[in-house]
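Peer 1: Quick one: sequence plus predicted model below, questions after.
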Amino acid sequence: MQEAIATFYQAFARRDLDFLLELLHPEVEFRAAENFIYAAQNPYLGPAAVAALMRRIDADWNGFTIIPEEIHGTGDMVIARGRYRGILKSNGFALNAEFVHVFKFRDGKIVLQHNYTDTAQFRDAIGLAQSA
């Protein structure tokens, strides 16, 4: 399962949304961290909702990357730790925020991704955009 998560991040880096969606279970659930700027639609249910989230991120950020530094797992659970990086298009805020992602699998596909991150950095980025 760790290899599948590495492939997930590689697909995101290539912006290969079709391949990324192939890795998801039809009943996938993406959960954003509490107080995260993308948490208003929590949970994101199904591949179409995940695709919409990915498109929104690309619309908001230049060069947004998800850089895993560690990937560990056992059984149907994988945990990844790393960094989000990107430049907010509206104001040039440079993001460098730590994340932890918890993944669960069903039938060999990602059925849950729960995101934990430094929500303050994202809030600060948006706050700067709103005050500009």
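Peer 2: Here it is on my side, so go on. Numbering: from 1, shown residues only.

Peer 1: Give me the nearest residue to N42, chain neighbours excluded.
Peer 2: Excluding the flanking residues, the one nearest N42 by C-beta to C-beta, 6 or more residues apart in numbering is A32, at 5.4 Å. No exception for glycine: its C-beta is placed from N, CA and C like everyone else's.

Peer 1: Verify the stated contact: the one you found with T119.
Peer 2: No. If you go by C-beta atoms under 8 Å, A32 and T119 don't touch, sitting 9.0 Å apart.

Peer 1: Who has more neighbours out of these two?
Peer 2: Neighbours of A32 and T119, each counted by other C-beta atoms under 10 Å, are more numerous for A32; the result is 22 against 18.

Peer 1: Let me see the backbone angles for the more buried one.
Peer 2: Main-chain torsions, A32, degrees, to the nearest 10: phi -80, psi 150.

Peer 1: any idea how far P47 is from it?
Peer 2: Separation of A32 from P47 (C-beta to C-beta, to the nearest Å) stands at 16 Å.

Peer 1: for P68, same thing?
Peer 2: P68 is 21 Å from P47, by C-beta to C-beta.

Peer 1: Compare the two (neighbour count), which wins?
Peer 2: Shown here are P68 and P47; by other C-beta under 10 Å, P47 has more neighbours (21 against 16).

Peer 1: Fine by me, we can end here.
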